[in-house]
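A.B. asks: With the input below, show me the fold.
(2 chains)
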Amino acid sequence: MINRINYLYYDDTIDTAITIKDSLEDTDNLFITVRDVESWKEIVQYLLGNELEFDGLILDWKLDGEDTSNADFSSEALAEQCRRLVSHKLKKKKFSKDFPIILCSAQPGFHNAHSSDTTSLDLFDLILEKDKLAEKGSFLKELASCYQLLENLKRNGQRSVNSILGLDSSQEKDISQDLVKKVTSIKDRDSHEIVRFVKNEVINKKGALIDEAVLAARLGVDIESPKWDELKNKLSSCKYMGTLYNYYNRWWADLVDIWWETNFEDSTLRYLEATERIEKLKTKYPEFSEGLNKISLSEGSIEEDFWTVCYGLQVPLSESDGFEVDMHLHYSWQEKEYICLEEAKNEDNKEKWKKLQEFEEDRLSKYYEDSE
Amino acid sequence: MSRKSTFVKDAVELITMLEKEFNPKKWNKKPGIDKLEALRTVLENYSQKKTIKTNLIFNSININSIKIPDSTLKEINNISLELRIKICEEDSGTETIKDCIIQSIDSRIEYSVQLIAKANIPLTKVKYKMAWHLDKHIRSNTLSDGVGKGFIHPEYHFSVGGHEVTKDQDVNFGTLLLLDTPRFMHPPLGIILSIDFVLRYFYGSRHLNFLSSKKYNKITQRAKIRLWRPYFLALAHHFDDSTRFSDLDIEKNYASKLLGEH
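C.D. replies: Numbers count the residues shown, from 1 in each chain, chains lettered A, B, ... in the order given. Got it, this is the predicted structure:
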């Protein structure tokens, strides 16, 4: 059955909204209904009365931007009300389902202004500029589908760690048990809490899950190699199949390690250098005798036990060569980020990594001594 | 351009490796190494010339490394090994040959590496204990401070027993007559090398992939170059008055101190 996803989009500048609607609807089976802003009472009543008609909500940040706007409230207040109506009745009425809420604005960098008030950040699944929203069709579709799935699982009493993370019971034993415990503790909460947690603390943090660039780094293989896709397919059993997996390509790092141990005579992937990793792949799989190229070292690097990618420039990196970023990790399954020498010197993406560990500053200064 | 390493970077990397190897954060696993996270925090907040004081608890060491009568061995349980380290270390560079264990900005020279093994017989009050320590003979600048006068006291030496055992009222000494132990010369152990010492002595072959990995060996090799190269070059120079070490700046009296000749 084809799953049609429909978002309601409230904006007081209808023309812009229509343009965005058109771009978003390029995604198959994604539909956007643009609605003009109404008063608080009307809007809440409409949403409650027509909840079967939409799977998600898009809100303009400043609903009262135009003089003609009927908005007598903020988007944050409306989002808050919607979240509340999922779990609590108000005048005997509530939503029978949870759904995604997106916040957007035409004003560049508005989410930085918005991030100074972090209390309302948790309300939204996504906060972004309108031009970026226009390109997010496939994400919006996957997001709403995930909510539907999580809501169905809840209704049928089948929501579990494994259904949220897309694991079978033997895989569950092999991943971080802290993560399993954490998901167990939140599995019965509202869908938006689960989606937010999985997206922010699992998918978008290196550690339990790794993306394709890190996967290639760990196998020692240049991602541009002719046979990279073929090699990737060999690891399909390690692929992440949980919440939002259609949008985010991720692999379970622990399962990749175990896959390696099982296939390569108990050797430990982490302790091998790229040449050894590729040599073992070639010996085991004759089809890879050609077509897998070794990663080349980035400037100033000498270690070939690639394990991560530069947080700024995305180049493959050994943790020994990389400079550790000073960042607070929320959970034990998350890993530290590193940057390469070039990024450390040029600081092109410093707004992302902000600060190095103190001991790395010491080490970095030694590279400058060399060139003096 | 060669890669730059520092002992803090290497030690942090070693901790990351130990966390993966010994504490895989899974249920139903044997206890691994405790307090790694605390040591990581100490290192992350390290600044030059600061004394590092830390301890790690190694659980589930190889039972074959306990040398006591079999009849007793099978009764005891909860064997653990505590590694206590107090050190202030400095990278001296390749041309300067000097003692890299230095005085910290906030105190005199403090250095010790202690290994304390503990075990008990469950549900009884019977406790077992043994301790080794690697000391540095702390002297005044004039090289004579009275302590240790009259017997060989090499700058860095291993001892067995010591106060940890003799001052502990809970330890039953059995029938062993323990003589004061010789001070065995031993090159200094820093954080990395003392962890390496424990793993190689007390874990045996169970972590062979780990101990034989290039990554691990590069880290320990660099630590030896930092701490052991000066130690052995100073000794070699002491016994060789030719000019072959003329390009090195060697600390006066370092070798004599190492040999306990003062």
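A.B. asks: and residue 211, how many neighbours?
C.D. replies: All of this refers to chain A. Neighbourhood size, A:D211 [other C-beta atoms under 10 Å in any protein chain shown]: 18. Where C-beta positions appear, they are placed from N, C-alpha and C, glycine not excepted.
A.B. asks: should've been chain B
C.D. replies: Per other C-beta under 10 Å, the neighbour tally for B:L211 reads 18.
A.B. asks: ok, now the one 3 residues further on?
C.D. replies: Taking other C-beta under 10 Å as the criterion, the count of residues near B:K214 is 15.
A.B. asks: I figured it was touching A:D305, is that so?
C.D. replies: Yes - taking C-beta atoms under 8 Å as the definition, B:K214 is a contact partner of A:D305 at 7.3 Å.
A.B. asks: Between the two, which contacts overlap?
C.D. replies: A:271, A:273 (C-beta atoms under 8 Å, 6 or more residues apart in numbering or on different chains).
A.B. asks: For the chain, which segments are assigned as strands?
C.D. replies: Using chain A. A:5-10, A:30-35, A:56-60, A:101-105, A:126-129, A:209-210, A:251-252, A:308-309, A:316-317, A:323-324, A:338-339 (DSSP state E).
A.B. asks: sorry, should have said chain B
C.D. replies: Counting by DSSP E, chain B has strands at residues B:33-34, B:52-59, B:77-87, B:96-97, B:112-120, B:127-136, B:156-160, B:184-185, B:249-250.
A.B. asks: then the fifth one to PDB, C-alphas only?
C.D. replies: The C-alpha coordinates for strand B:112-120 follow below in PDB (Å, rounded to 0.1, in the frame of the first residue of the first chain):
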ATOM      1  CA  SER B 112      55.800   6.500  43.000                       C
ATOM      2  CA  VAL B 113      54.200   3.600  41.200                       C
ATOM      3  CA  GLN B 114      52.500   1.200  43.500                       C
ATOM      4  CA  LEU B 115      50.900  -2.200  42.800                       C
ATOM      5  CA  ILE B 116      48.700  -3.600  45.500                       C
ATOM      6  CA  ALA B 117      47.100  -7.000  45.100                       C
ATOM      7  CA  LYS B 118      44.100  -7.800  47.200                       C
ATOM      8  CA  ALA B 119      41.900 -10.800  47.700                       C
ATOM      9  CA  ASN B 120      39.700 -12.400  50.300                       C
END
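A.B. asks: partners of that strand, with directions?
C.D. replies: strand B:77-87 (antiparallel), strand B:127-136 (antiparallel) (DSSP bridges).
A.B. asks: go on, the last one?
C.D. replies: When pairing is defined by DSSP bridges, strand B:249-250 lines up against strand B:96-97 (parallel).
A.B. asks: Can you list the neighbours in contact with the strand it pairs with?
C.D. replies: Here strand B:96-97 has contacts from B:229-230, B:233-234, B:237, B:248-251, B:254, using C-beta under 8 Å, 6+ apart.
A.B. asks: Which residues are in contact with the nearest residue to A:S296 once chain neighbours are set aside?
C.D. replies: Distances taken as C-beta to C-beta, 6 or more residues apart in numbering or on different chains place A:D222 nearest to A:S296, at 7.3 Å, with adjacent residues excluded. The contact partners of A:D222, taken as C-beta under 8 Å, 6+ apart, are A:216, A:228, A:292-296.
A.B. asks: again, but for A:C310
C.D. replies: A:C310 sits in contact with A:298, A:316-317, A:322, A:338-340, A:343, where contact means C-beta under 8 Å, 6+ apart.
A.B. asks: Would you mind writing the PyMOL command to select the buried ones in these?
C.D. replies: To isolate the buried ones among the contacts of A:C310 in PyMOL, judged by 16 or more other C-beta atoms under 10 Å in any protein chain shown, type:
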select buried, chain A and resi 298+316+317+322+338+339+340+343
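A.B. asks: quick one: which of the contacts of A:C310 is nearest B:P122?
C.D. replies: Nearest to B:P122 among the contacts of A:C310: A:Y338, at 44.8 Å, using C-beta to C-beta.
A.B. asks: got a list of what that closest one touches?
C.D. replies: A:308, A:310-311, A:317, A:319, A:322-325.
A.B. asks: same question, B:W228
C.D. replies: Contact partners of B:W228, counting by C-beta under 8 Å, 6+ apart, are B:187-188.
A.B. asks: Just the pLDDT at the spatially most central residue of chain B, thanks.
C.D. replies: Geometric centre of chain B, nearest residue: B:S194, 3.4 Å, by C-alpha atoms, centre = their mean. pLDDT recorded at B:S194 is 97.
A.B. asks: Go ahead and confirm it touches B:L81.
C.D. replies: No - using C-beta under 8 Å, B:S194 is not in contact with B:L81, being 11.4 Å away.
A.B. asks: Grab the nearest non-local neighbour of the closest residue to chain A within the stretch 151-262 of chain B.
C.D. replies: Of all residues in the stretch 151-262 of chain B, B:S213 sits closest to chain A, at 3.3 Å by C-beta to the nearest C-beta. Distance criterion C-beta to C-beta, 6+ apart; nearest residue to B:S213, sequence neighbours excluded, is A:Y271 at 3.3 Å.
A.B. asks: Near that neighbour, how many residues? Count them for me, please.
C.D. replies: Counted by other C-beta under 10 Å, the residues lying close to A:Y271 total 20.
A.B. asks: which ones are touching it?
C.D. replies: A:305, B:209-210, B:213-216.
A.B. asks: got those residues as JSON lines, with pLDDT and distance to A:V44 columns?
C.D. replies: Compiled in JSON lines, the contacts of A:Y271 are given as follows (pLDDT from 0 to 100; distance: C-beta to C-beta, whole Å):
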{"residue": "A:D305", "pLDDT": "94", "distance to A:V44": "57"}
{"residue": "B:N209", "pLDDT": "86", "distance to A:V44": "61"}
{"residue": "B:F210", "pLDDT": "91", "distance to A:V44": "60"}
{"residue": "B:S213", "pLDDT": "92", "distance to A:V44": "61"}
{"residue": "B:K214", "pLDDT": "91", "distance to A:V44": "64"}
{"residue": "B:K215", "pLDDT": "91", "distance to A:V44": "59"}
{"residue": "B:Y216", "pLDDT": "95", "distance to A:V44": "62"}
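A.B. asks: Pipe the strands paired with strand B:112-120 into JSON lines and attach distance to B:N45 and mean pLDDT per row.
C.D. replies: JSON lines is the format used below for the strands paired with strand B:112-120 (distance: least, C-beta to C-beta, whole Å; pLDDT from 0 to 100):
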{"stretch": "strand B:77-87", "distance to B:N45": "15", "mean pLDDT": "93"}
{"stretch": "strand B:127-136", "distance to B:N45": "24", "mean pLDDT": "91"}
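A.B. asks: Let me have those strands in a markdown table, adding mean neighbour count as columns.
C.D. replies: A markdown table is the format used below for the strands paired with strand B:112-120 (neighbours: other C-beta atoms under 10 Å in any protein chain shown):
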| stretch | mean neighbour count |
| --- | --- |
| strand B:77-87 | 18 |
| strand B:127-136 | 19 |
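A.B. asks: does B:I102 really touch B:E110, like I thought?
C.D. replies: No - applying C-beta under 8 Å, one finds B:I102 not in contact with B:E110, separated by 10.3 Å.
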